[in-house]
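Chemist: below is the sequence, then the predicted model.
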Amino acid sequence: MTTLAAAPRSSRQLAGTATLLRFALRRDRLMIPVWLGVNALMVLSMPNTLKNLYGTPAERADLIHQVAANASFRALIGPVFDTSVGALTAWRVGVYAGALAAAMSLMIVVRHTRDEEESGRHELVASGMVGRRASLTAALLAAGVANAVLALLVAAGLASQGASGAVAFGLGLAAVGMVFATMAAIVAQLTESARLARGLTAGVLGAAFVLRAAGDAATDDGSSALTWLSPLGWLENLRPYADERWWVLLLFAAAVALQAGVAYELAGRRDVGMSFLPTRPGPASGRLGTAGALAWRLQRGSVFGWSIAFFVVGVVYGGLTDGVTDLVGDNENARKIFERMGGQSALTDAFLASMVGMMGLIAALYVVGSVLRLNGEETSGRAEPVLANAVGRLRWACGHLTVAFGGAVLIMLLAGLGFIVGYGKEAGPILGACLVQLPAIWVIGGLAVLLYGVVPRAAMAAWGVAGAVLLIGWVGPALDAPQALLDLSPFGHLPKLPGGGMEWRSVLVLLGLAVVLVAGGLAGLRRRDLTT
């Protein structure tokens, strides 16, 4: 019988990878399907929507002309390369589907590398017959499995639009995901905190989006050097359904191979739990003397990042508002979609209401992530030393919840200011439209609090709820979903502002529901044992 010590060095480095991979996929049996479901449904619902909106070649040609003449729309979505429904699908959702694949991948890799080390579980696993690089390999393989399934779903779902383009689009999305998976693997070796690893990799993703947007605003064919500096720009230059450039996949392959090699080299040069950029120590005094101050210190980077992103997106959407009438033109179907999302009002008001609603849906993701920081602090063991002092559970939890729910107010205010800067019109109605999203955002956050407080093992299901609400709000109106389905989302009960009438009853009901959910979650947290 060959022992681990007697095995070849390369085998010893990867011993236990298969077991760790099965364990990682089991742990992510809820998270990965939610990410894949949201992404795949967003992509696969688009062809029918586009056929209803632009059913004739003339209408599609006119759309391409409008996009080519509008730098703001190119910055937001990208250039169009062909008039086919498949090409328009890749154009309309490619950048965002690629960004979702990247976010999914970096979350998977950081969770199964730096998160495991930070919690201490990796040290226990590594004490067995597990190779030094097995954990990293299993994390990358888990991300690879998730991206491969995404590629298969997209390729199979879009095959009716053309097999070659469907395969290219599916492979492109998976390739973007793997680029950011290997990038997260590098960052996980450099940082000592999983939170910082996720934040830095997400920051690189944001920079990739900005580079692509700047390049696409400058040219209408994706040829800008800035576009080629971004993996999201590589995805659009793969040109699915528009004389595919298969050689672009070599760029992805080279980036994945290079980054994976760097990650493996770094993993072999450090001790478990250590990093190349250690966190600066410091005493918990002064501004860190309270539970609320500690919660702010832990989450302020996330709040600042979301705030900046919402302000910038608000500026972009606000700048598009004046051109929406020209883009929609006489297309009655497009007008109806905006009206379903933004209410029966003037087209510009309906567009603003629909975009503000989308910002609210995305803000729900922020509040869920911020609330579940409580779960992360508890399961990692960091909450126990805090609670061992003169800090009650409710006081500790309320510190984090203040950051979560108050942060939602801040980012929606900054989104409103961004709309005002970009649109250049009166501030009152737009700020009111942004703030009226808060009751629905808080309901989603309240549900996360309830799950965490009462059934902490199911706390991560809050991501599934937020993903389902996002899917209903994003895809439902375009698919002409029944009102009963749209009403399942708390956002379906909000007044459509600006342009619509204020409905105080529904707003107050949602506020009351959020209070009840939070109170129920805190009551459950007070009575149950801490997770061990």
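Modeler: Done, it's in.

Chemist: next SSE after the lowest-mean-pLDDT helix or strand in the chain?
Modeler: Lowest on mean pLDDT, DSSP states H and E among the helices and strands of the chain sits helix 332-342, with a mean of 54. Remark: after helix 332-342, the chain's next helix or strand is helix 347-371, criterion DSSP states H and E.

Chemist: which parts of whichever strand or helix holds Val409 are buried?
Modeler: Using DSSP H and E, Val409 sits within helix 393-423. Using 16 or more other CB atoms under 10 Å as the test for burial, helix 393-423 gives 393, 396-401, 403-405, 407-408, 411-420, 422-423. (Each C-beta comes from the backbone N, C-alpha and C, glycine too.)

Chemist: next one: stretch 198-212
Modeler: Under 16+ other CB under 10 Å, the buried positions of stretch 198-212 are 198-202, 204-205, 208-209, 211-212.

Chemist: quick one on the thing from earlier: now the angle between helix 347-371 and the helix holding Val409, please.
Modeler: 150 degrees (axes from the mean of the first three to the mean of the last three CA atoms, to 10 degrees).

Chemist: outside of the next helix or strand after helix 393-423, which residues touch it?
Modeler: Scanning forward in sequence from helix 393-423 by DSSP H and E, the next helix or strand is helix 427-435. For helix 427-435, contacts defined as CB atoms under 8 Å, 6 or more residues apart in numbering pick out 352-353, 356, 359-360, 409, 412-413, 415-417, 419-420, 423, 497-499.

Chemist: kindly recompute the last result at 6 Å.
Modeler: 356, 412, 415-416, 419-420, 497-498 (CB atoms under 6 Å, 6 or more residues apart in numbering).

Chemist: go on, stretch 253-265?
Modeler: For stretch 253-265, using CB under 6 Å, 6+ apart, the contacting residues are 133, 178-179, 182-183, 185-186.

Chemist: closest to Gly268 among the residues you listed?
Modeler: Arg133 (6.7 Å; CB to CB).

Chemist: before we move on, which element is the residue lying closest to that closest one once chain neighbours are set aside in?
Modeler: Spatial nearest neighbour of Arg133, chain neighbours left out: Gln13 (4.7 Å); criterion: CB to CB, 6 or more residues apart in numbering. Assigned by DSSP H and E, Gln13 belongs to helix 9-14.

Chemist: can you name the next helix or strand after that helix?
Modeler: Assigned by DSSP H and E, the successor of helix 9-14 is helix 17-27.

Chemist: any idea which helix or strand comes after that following helix?
Modeler: Immediately after helix 17-27, counting by DSSP H and E, sits helix 31-44.

Chemist: related to what we said a few turns ago, among the contacts of stretch 253-265, which lie within helices?
Modeler: The helices, defined by DSSP state H, take in 178-179, 182-183, 185-186 from the contacts of stretch 253-265.

Chemist: pLDDT score for Gly476?
Modeler: pLDDT recorded at Gly476 is 69.

Chemist: one more: the one 5 residues further on?
Modeler: On the pLDDT scale, Ala481 is placed at 66.

Chemist: got it, and Met1?
Modeler: For Met1, the model assigns a pLDDT of 39.

Chemist: can you get me a residue count around Asp529?
Modeler: 6 (other CB atoms under 10 Å).

Chemist: check the secondary structure at it for me.
Modeler: State at Asp529, reduced to three classes by DSSP: H, G, I helix; E, B strand; the rest coil: coil.

Chemist: how much space between it and Glu384?
Modeler: Between Asp529 and Glu384 the computed distance is 11 Å (CB to CB, to the nearest Å).

Chemist: likewise for Ser489?
Modeler: Separation of Ser489 from Glu384 (CB to CB) stands at 37 Å.

Chemist: between the two, which has more neighbouring residues?
Modeler: Ser489 (22 against 13).

Chemist: what sits against that one?
Modeler: With contacts defined as CB under 6 Å, 6+ apart, Ser489 is in contact with 469, 472-473.

Chemist: by neighbour count, which of the residues you listed wins?
Modeler: Result: Val469 is most packed of the contacts of Ser489 (other CB under 10 Å), 25 neighbours.

Chemist: now it: how far from Met358?
Modeler: 12 Å.

Chemist: and the helix holding Val409 with helix 427-435, angle?
Modeler: 140 degrees.

Chemist: and helix 393-423, what does it pack against?
Modeler: helix 291-320, helix 347-371, helix 373-379, helix 427-435, helix 438-454, helix 504-527 (3 or more CB pairs under 6 Å, 6 or more residues apart in numbering; DSSP states H and E).

Chemist: packing partners of the shortest one?
Modeler: This means helix 373-379. Taking 3+ CB pairs under 6 Å, 6+ apart as the contact cut, helix 373-379 packs with helix 393-423.

Chemist: centre of the chain to the helix it packs on, how far?
Modeler: Centroid displacement of helix 393-423 relative to its chain, using CA atoms, centre = their mean, to the nearest Å, is 17 Å.

Chemist: the inter-axis angle of it versus helix 291-320?
Modeler: 20 degrees.

Chemist: avg pLDDT for helix 393-423?
Modeler: pLDDT averaged over helix 393-423 gives 90.

Chemist: ok, now stretch 175-186?
Modeler: Here the average pLDDT along stretch 175-186 is 94.

Chemist: neighbour-wise, which one of the ones in helices among the contacts of stretch 253-265 leads?
Modeler: That'd be Ala185 among these, by other CB under 10 Å, with 29 neighbours.

Chemist: what residues are up against Gly524?
Modeler: 453-454.

Chemist: how close does it get to Ala295?
Modeler: 19 Å.

Chemist: do Gly199 as well
Modeler: Relative to Ala295, and taking CB to CB, Gly199 is found at 16 Å.

Chemist: not counting sequence-adjacent ones, nearest residue to Val515?
Modeler: Nearest to Val515 is Gly446, by CB to CB, 6+ apart, at 7.5 Å.

Chemist: isn't that neighbour right up against Leu513?
Modeler: No. Using CB atoms under 6 Å, Gly446 is not in contact with Leu513; the gap is 7.1 Å.

Chemist: those two - which one has more neighbours?
Modeler: Gly446 (27 against 17).

Chemist: pull the contacting residues for the more buried one.
Modeler: Contacts of Gly446 (CB under 6 Å, 6+ apart): 514, 517-518.

Chemist: and which of those is nearest Arg457?
Modeler: Nearest member of those to Arg457, counting by CB to CB, is Leu517, at 18.2 Å.

Chemist: got the contact list for the closest one?
Modeler: Contacts of Leu517 (CB under 6 Å, 6+ apart): 446-447, 450.

Chemist: using a markdown table, lay out those residues together with pLDDT and distance to Trp246.
Modeler: Formatted as a markdown table, those follow (pLDDT from 0 to 100; distance: CB to CB, whole Å):
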| residue | pLDDT | distance to Trp246 |
| --- | --- | --- |
| Gly446 | 94 | 48 |
| Leu447 | 94 | 45 |
| Leu450 | 94 | 49 |
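
Chemist: residues contacting the helix or strand that contains Val386, please?
Modeler: Assigned by DSSP H and E, Val386 falls within helix 383-387. Helix 383-387 is contacted from outside by Glu377, using CB under 6 Å, 6+ apart.

Chemist: and it, how far out from the chain middle?
Modeler: Taking CA atoms, centre = their mean, one finds helix 383-387 lying 30 Å from the centre of the chain it belongs to.

Chemist: what of stretch 391-409?
Modeler: On CA atoms, centre = their mean, the centre of stretch 391-409 falls 23 Å from that of its chain.
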